[in-house]
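Undergrad: just coords:
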């Protein structure tokens, strides 16, 4: 378990999930507008990054374009130049690169950068690119991932970066994960594989023996994704901070 001192904002500043988005008001997730709304409100920003077909880093949650852009396409097979003009969820907001995000935020609020990995994708190019881009970034940030091999990569290659392990109920893991990754995730949670500095845990699966044990060992728990007052109360009882989508739950 990591013993270093962690930034206070990690447990004090509510984190807006994919920015402070609200599609009913024309603000799509992981958009410049959602990030600006979070900045104006003083919330930390959680966001997702993926590798593109030409080895660049793009801000995008899904592996394909169907849900967010209404067209066919696989993110890791497309160059960044083809992704950036695409509009998000029927709005005029377009897909930002990771550089766009860093240039927009410029340290005004903290960042929680989730490293997205496809099934069977080994750590390397994406992690290295993110670490290099954050090397001289003038603001607070942490990284996190569902993939324990990614967390391990940061421990080995960029140990100065605060890293978190994302998880949910081990009996109900996402189908996108291979059996090996599931085994590694269980090992990560039970034995500290990758030496994470914090855990990000599904609020629906709280309380949890895993998170309770982690808190006893000194690991903060970020609870995701908090959307209702009931979930906010559960997170308050069993976690140290929230990654949220409803403004009222962050109060």
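TA: Here it is on my side, so go on. Source: prediction; values computed, not measured. Numbering: from 1, shown residues only.
Undergrad: where does the protein dip in pLDDT?
TA: Applying pLDDT under 70 to the chain picks out residues 1-3, 170-177, 181-191, 251.
Undergrad: What ranges does it have for its strands?
TA: 15-17, 44-51, 57-59, 111-115, 141-145, 163-167, 198-202, 221-226, 241-244 (DSSP state E).
Undergrad: Give the other helices and strands that the second one contacts.
TA: Strand 44-51 sits against strand 15-17, helix 32-41, strand 57-59, helix 98-105, strand 111-115, helix 125-134, with contacts defined as 3 or more CB pairs under 8 Å, 6 or more residues apart in numbering; DSSP states H and E. From N, CA and C alone the C-beta is placed, and that goes for glycine too.
Undergrad: Tell me which residues touch residue 131, please.
TA: Counting by CB atoms under 8 Å, 6 or more residues apart in numbering, residue 131 touches 154, 157, 158, 161.
Undergrad: Select only the buried ones of those residues in ChimeraX?
TA: Under the burial definition 16 or more other CB atoms under 10 Å, those of the contacts of residue 131 that qualify are selected in ChimeraX by:
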select :154,158,161
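Undergrad: Out of the contacts of residue 131, the closest to residue 19 would be?
TA: residue 161 (21.3 Å; CB to CB).
Undergrad: how about the closest one, phi and psi?
TA: With angles defined as degrees, to the nearest 10, residue 161 sits at phi -90, psi 130.
Undergrad: residues contacting it?
TA: Per CB under 8 Å, 6+ apart, neighbours of residue 161: 131, 134, 141, 142, 143, 154.
Undergrad: ok, now how distant is residue 11 from residue 197?
TA: As judged by CB to CB, to the nearest Å, residue 11 and residue 197 stand 11 Å apart.
Undergrad: list residues touching both of those two?
TA: Joint contacts of residue 11 and residue 197 (CB under 8 Å, 6+ apart) are residue 220.
Undergrad: Residue 94: which of the strands of the chain is closest?
TA: strand 57-59 (10.7 Å).
Undergrad: Report all helices and strands that that closest one contacts.
TA: strand 44-51, helix 98-105, helix 125-134.
Undergrad: relative to strand 141-145, how tilted is the last one?
TA: Read it as helix 125-134. Between helix 125-134 and strand 141-145, the angle comes out at 170 degrees (axes from the mean of the first three to the mean of the last three CA atoms, to 10 degrees).
Undergrad: Quick check: buried residues in helix 125-134?
TA: 126, 127, 129, 130, 131, 133, 134.
Undergrad: I'd guessed the last one sits against residue 140; true?
TA: Read that as residue 134. No. Residue 134 lies out of contact with residue 140 (CB atoms under 8 Å); the separation is 10.6 Å.
Undergrad: between residue 11 and residue 197, which one's more packed in?
TA: Legend: neighbour count by other CB atoms under 10 Å for residue 11 and residue 197, higher for residue 197 (27 against 14).
Undergrad: Could you measure from the more buried one over to residue 45?
TA: 18 Å.
Undergrad: can you check residue 31 too?
TA: 11 Å.
Undergrad: anything in contact with each of the two?
TA: Joint contacts of residue 31 and residue 45 (CB under 8 Å, 6+ apart) are residue 19.
Undergrad: related to what we said a few turns ago, need the helices and strands packed on strand 44-51 in TSV with distance to residue 25, can you?
TA: Shown next, in TSV, are the helices and strands packed on strand 44-51 (distance: least, CB to CB, whole Å):
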stretch	distance to residue 25
strand 15-17	14
helix 32-41	9
strand 57-59	20
helix 98-105	19
strand 111-115	23
helix 125-134	30
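Undergrad: What about residue 6, how many residues nearby?
TA: With other CB under 10 Å as criterion, residue 6 counts 15.
Undergrad: List phi and psi for the closest residue to it other than its chain neighbours.
TA: Spatially, and ignoring its direct neighbours in sequence, residue 6 is nearest to residue 197 (5.8 Å; CB to CB, 6 or more residues apart in numbering). Torsion angles at residue 197 (phi, psi; degrees, to the nearest 10) stand at phi -90, psi -20.
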